[in-house]
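Q: following is a predicted model, sequence given first.
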Amino acid sequence: MPATPRRVGLFVTCLVDLFRPTVGFAAVKLLERAGCAVTVPAAQTCCGQPAYNAGDRADTRAIAEGVIAAFEPFDATVAPSGSCAGMIRRHYPALFAGDPVWEERAKRLAEKTFELVSFLVDECGVASVDARHEGRVAYHDSCSSLREMGVRAQPRQLLATVEGLELAELSARDVCCGFGGTFCVKYPDISGRMVADKAKDIAATGAGTVLAGDMGCLLNIAGRLSREGSAVRARHVAEVLAGMGGRPAIGEPAKGR
Amino acid sequence: MDATSRTFVANARAGLRDAALQTSLARFQGGFQVKRAEAAERLPEFEALRDEARAIKDHVLAHLDHYLERFEERVRASGGTVHWCETPEQARERILALCREADAKTVTKSKSMIAEEMALNPFLEEHGIEPVETDLGEYVVQLADERPSHIIAPAVHKTRDQVADLFHEKHTPLGRTRRLERVEELVEEAREVLRPRYLAADVGITGANFLIAETGSSAVVTNEGNADLTQILPRMHIVIATLEKVVPTLEDATTIMRVLARSATGQEFSTYTTVSTGPRRPGDADGPEAYHVVLLDNGRSRMLGSEFREVLRCIKCGACMNHCPVYGAVGGHAYGWVYPGPVGAVLTPNLIGLEEARHLPNASSFCGRCEEVCPVRIPLPGLMRKLREQEFAQGLAPAAVRRGIGAWAWLARRPALYRCLTGIGIGMMGALGRRRGRFVRLPLAGGWTGARDMPAPEGATFHALWRKERKA
Ligand code: SF4
C-alpha cells in the first residue's frame, strides 16, 4: 500500500444514485479495501452523456464543465460504469477540442478517469477479493466498458476469486444488450428485440445470476428477465465483489414485505 | 432511387415481424462474423494492414484532384474516355447516350451500388434498353423487383425457399418448369439462363472497387466471375464509379484488397479480381471496342470538405452491417435507401438530406462494433453523433426530445436542486415499487415498458444515504 493513500473522487453516476445506491456503497468498500481515500463530491449529477448523444453539445459542455471542476482535485476519478467513465475519458477532450482553457483541463481529467473494476486491478493491483457467492454467474460486457475502456479480463479475473462462484460465458459476449441510453425508448421495437436476444443467451448459460458493470445494461436486462418471468437475477458486479450480493437483486421485491 | 428512410420506424417494425427475413438475417450475420474473426486471427499483420489501408485512403482524399486527373490522363492514353458527372441524373443520361451510341438493346451489369444511386435499371428500361443483372444476388433481386438489402450480398434478405419459388415462377416461361430445391441447382439454373444474355449483350456495365491512377485501370472483385464476362463480351464497357474510388497504384489496390476480402467474407482474397485498361488493342484476344468511365460525384466533393470526410474512406466491404445488431434485427430494406447499416446511417443523410434520413443516425445504440471491425477505421458512431448534432442545431429533432433533454440538462447543472427533486421522485417510485420490485407499466414510459419491466429503485438516492452515513 502506498504511504499516502490515493485520493479517489467517486463519480457515482446518475443511475446508481437514483436506482441502485447499493452499488455506490460497494464501490466505496472496494476502493477503501484497495487502500484508496474515497471522496464523493457533492457537486455531481450526471456525466452529460444523454445530452451528448442527443446532439446537444452546448448543454453537454455546461454539464461537463461542472464535472471537471468537481473532480480535478483528486488523483483519480472512478465510476462504477464503463459508459460514464468512457464519456469523461474518451469524449470530454473531443467535446472541448480547440478551447484554450477547457481542452487542457478536460484532457487532464480524462487521463485519470477509470472504470471501477479495471481501476482496482490495473491501477491498485488488486488480484483477489474476499467474497462469497454460490452458483453459476454470467457476466455481460457493456459495450463502452469493452470498447472504450478496455474492460474484459479484469472483472473475470476478480470474479474467479469469489468463493463458490462459477463463471459462465455468453455465446455473443461482445453484442450490445440494446440499452443504448435514449435509444431504448426512441426505438423500443429494435431495443426490445436486442434485449430479448440477450435474455435468451443468458438463459442458455444456465446461470442463476447475471452481472455487469453498467447500470444501464442492468436495468434493461433485469427488466427483460422479469418481464419473461425468468428466475435469473441481475446485479452489478461490484456488489458481488464487495460481498454485498445478499441484498434483493435489481427488480426484486424488498425482503420481508 | 426513391427513399423511404423517413418511415424507418414502420419499416423496422415490418422487418422485425418478417419471419423469413429473420431466419435469413440470423444465419448470414452469424456466418460472416465468425469468418471475419477467423480471417483476422489467421493474419498476424491484419491490424497493421488496416492502418495501411486507412493511410492510403487518407492520402488519396487529401490529393483527390491530382489522382483523378492522373487517372483520366491514363485512361485517355489507353484509348478510353472519362465522363465527369455531378449528379445521378447527369450520369444516367450520359450512360443512356453511350448505350444509344452502341445501338444497345440489352445491357449486362455486374454489381454496382452507384447504379442504385442513379436508379439506373428503371431508367434504362423506360428508354427501351433491357438491363440484365449478372451477380447472382442482384439477379435474384431484379427478378423479384426489389432493391438490394446489403451492399455485398444484395439478396441476403431472402431464404433459399423464397429464391426457389421465385426461380420457379420466373423461369417457367423459359421452359424450366421444375421447382429446384438445392442451392447448387439454383445457381446452375441461373448460370444457364444468364449465359445467352451475356452473349447477346451490346454493352457491359460494371462498378469498380478501385480506379487505378498510375495505369488508368478499373478493378472489380467478385466471387462469381460475372464481372469478367460482363466487361469482355459486349462491344462497349462502361465503368461507373464515384470519385473516392481512385487509388494511386495497383499495389495500393492490392493492399486494400487484402483487408477488403477478409473484412467482407473472411476470404484471403476474392475469387476473381478483374482489372481492365482501355478498349481492346490490336492483337488482344478479346475485350470491348470502347471503354468508358462514368465518374459520379453526387455529393462526394462536398463531403470531402466537411466533417464527414472520413466516411469517404469506405471500401464497401459490408463488415459494419454484418456486425451491427440493429441491421441484424431489422434488415437492410428498413434503412430506406441504397446504403443500409452503419455506413448507410452516415452516408444516406449526407446524400439525400438529413430531414429525409434523420432516423438513421439516431437508430443506433452506439455499441461501437461497426467501428471496431471497419477495415479503414471509420469512426461511424462519432460521425452519426455529428449528424445528431446537426439535427439538434437545425431543430429537426422532435420537440419533445429537445424539451426533455433541455429540462433535464438544466436540472443536471444545479446539483442541489437536482438532489432535492430526484430524492423526492425516487422516494415515491421506491415506495410504489417496493412490493413487486418492478413496474410493468409506467406513465410516459411506454417505450421502455413495451418490451421490459422497469426495475423499482431501492428507494433513497446514494447521495442522501451517503450524507447520512458519513455524518453519523
Ligand atoms: S464503413 Fe467500413 S465496415 Fe462499413 S462498408 Fe465501409 S469500409 Fe466496410
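A: Right, received. Where do you want to start? Numbers count the residues shown, from 1 in each chain, chains lettered A, B, ... in the order given.
Q: ok, residue B:381 touching residue B:366?
A: Yes: taking contacts as CB atoms under 8 Å, residue B:381 lies within contact range of residue B:366: 4.6 Å. (Glycine included, C-beta is placed from N, CA and C.)
Q: need the nearest residue in space to the residue of the stretch 251-400 of chain B found nearest chain A, chain neighbours excluded.
A: Nearest residue of the stretch 251-400 of chain B to chain A: residue B:365, at 2.6 Å (CB to the nearest CB). Excluding its sequence neighbours, the residue lying closest to residue B:365 (CB to CB, 6 or more residues apart in numbering or on different chains) is residue A:180, at 2.6 Å.
Q: quick one: contacts for the residue lying closest to residue A:179 once chain neighbours are set aside?
A: The shortest distance from residue A:179 to any residue other than its chain neighbours is 4.1 Å, reached at residue A:220 (CB to CB, 6+ apart). The contact partners of residue A:220, by CB atoms under 8 Å, 6 or more residues apart in numbering or on different chains, come to A:177, A:178, A:179, A:184, A:191, A:195, B:452.
Q: cutoff 10 Å now
A: When contacts are counted by CB atoms under 10 Å, 6 or more residues apart in numbering or on different chains, residue A:220 touches A:140, A:176-180, A:184, A:191-192, A:194-195, A:198-199, A:212, A:214, A:234, B:448, B:451-452, B:454-455.
Q: among those residues, which ones are buried?
A: A:140, A:176-180, A:184, A:191-192, A:194-195, A:198-199, A:212, A:214, A:234, B:448, B:451-452, B:454-455 (16 or more other CB atoms under 10 Å in any protein chain shown).
Q: and the residue of the stretch 51-200 of chain A closest to the ligand?
A: Nearest to the ligand in the stretch 51-200 of chain A, going by CB to the nearest ligand atom, is residue A:147, at a distance of 15.1 Å.
Q: which helices and strands does the host helix or strand of that residue pack with?
A: Assigned by DSSP states H and E, residue A:147 falls within helix A:143-148. Judged by 3 or more CB pairs under 10 Å, 6 or more residues apart in numbering or on different chains; DSSP states H and E, the packing partners of helix A:143-148 are helix A:82-86, strand A:113-115, helix A:116-118, helix A:215-227, helix B:369-373.
Q: could you export the host helix or strand of residue A:94 as CSV, CA atoms only?
A: Assigned by DSSP H and E, residue A:94 belongs to helix A:92-95. What follows is helix A:92-95, C-alpha atoms only, in CSV (Å, rounded to 0.1, in the frame of the first residue of the first chain):
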residue,chain,number,x,y,z
TYR,A,92,-14.7,15.1,-22.9
PRO,A,93,-11.4,16.0,-24.7
ALA,A,94,-13.2,15.9,-28.1
LEU,A,95,-16.0,18.0,-26.7
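Q: residues near the residue lying closest to residue B:374 once chain neighbours are set aside, how many?
A: Nearest residue to residue B:374, sequence neighbours excluded (CB to CB, 6+ apart): residue B:320, at 5.6 Å. When neighbours are counted by other CB atoms under 10 Å in any protein chain shown, residue B:320 registers 27.
Q: distance-wise, check residue B:320 relative to residue B:328.
A: As judged by CB to CB, to the nearest Å, residue B:320 and residue B:328 stand 12 Å apart.
Q: hey, what's in contact with both of the two?
A: By CB under 10 Å, 6+ apart, the residues touching both residue B:320 and residue B:328 are residue B:341.
Q: give me phi/psi at the residue nearest to the residue of the stretch 51-200 of chain A closest to the ligand when sequence neighbours are not counted?
A: Residue nearest to residue A:147 in three dimensions, not counting chain neighbours: residue B:368, with 4.2 Å by CB to CB, 6+ apart. Main-chain dihedrals, residue B:368, degrees, to the nearest 10: phi 90, psi 0.
Q: correct me, but residue B:368 touches residue B:325?
A: No: using CB atoms under 10 Å as the test, residue B:368 is too far from residue B:325 to be in contact (11.1 Å).
Q: of those two, give the one with the bigger neighbour count.
A: Shown here are residue B:368 and residue B:325; by other CB under 10 Å, residue B:325 has more neighbours (26 against 22).
Q: the nearest residue in space to residue B:88 that is not next to it in sequence: neighbour count?
A: Leaving aside its chain neighbours, residue B:88 sits nearest to residue B:118 (3.6 Å; criterion: CB to CB, 6+ apart). By the criterion of other CB under 10 Å, residue B:118 has 25 neighbours.
Q: quick one, phi/psi of residue B:118?
A: Dihedral angles (degrees, to the nearest 10) for residue B:118: phi -100, psi 10.
Q: confirm residue B:273 sits in a strand?
A: Yes: judged by DSSP: H, G, I helix; E, B strand; the rest coil, residue B:273 forms part of a strand.
Q: hmm, residue B:257 and it touching each other?
A: Yes: with contacts counted by CB under 10 Å, residue B:273 reaches residue B:257, the gap being 6.7 Å.
Q: which neighbours do these two have in common?
A: Residues touching both residue B:273 and residue B:257 (CB under 10 Å, 6+ apart): B:209, B:210, B:219, B:221.
Q: now, those that are in strands?
A: Counting by DSSP state E, these place B:210, B:219, B:221 in strands.
Q: for the closest residue to the last one other than its chain neighbours, helix, strand, or coil?
A: The spatially closest residue to residue B:221, leaving aside those adjacent along the chain, is residue B:270, at 3.7 Å (CB to CB, 6+ apart). Counting by three-state DSSP, the backbone at residue B:270 sits in coil.
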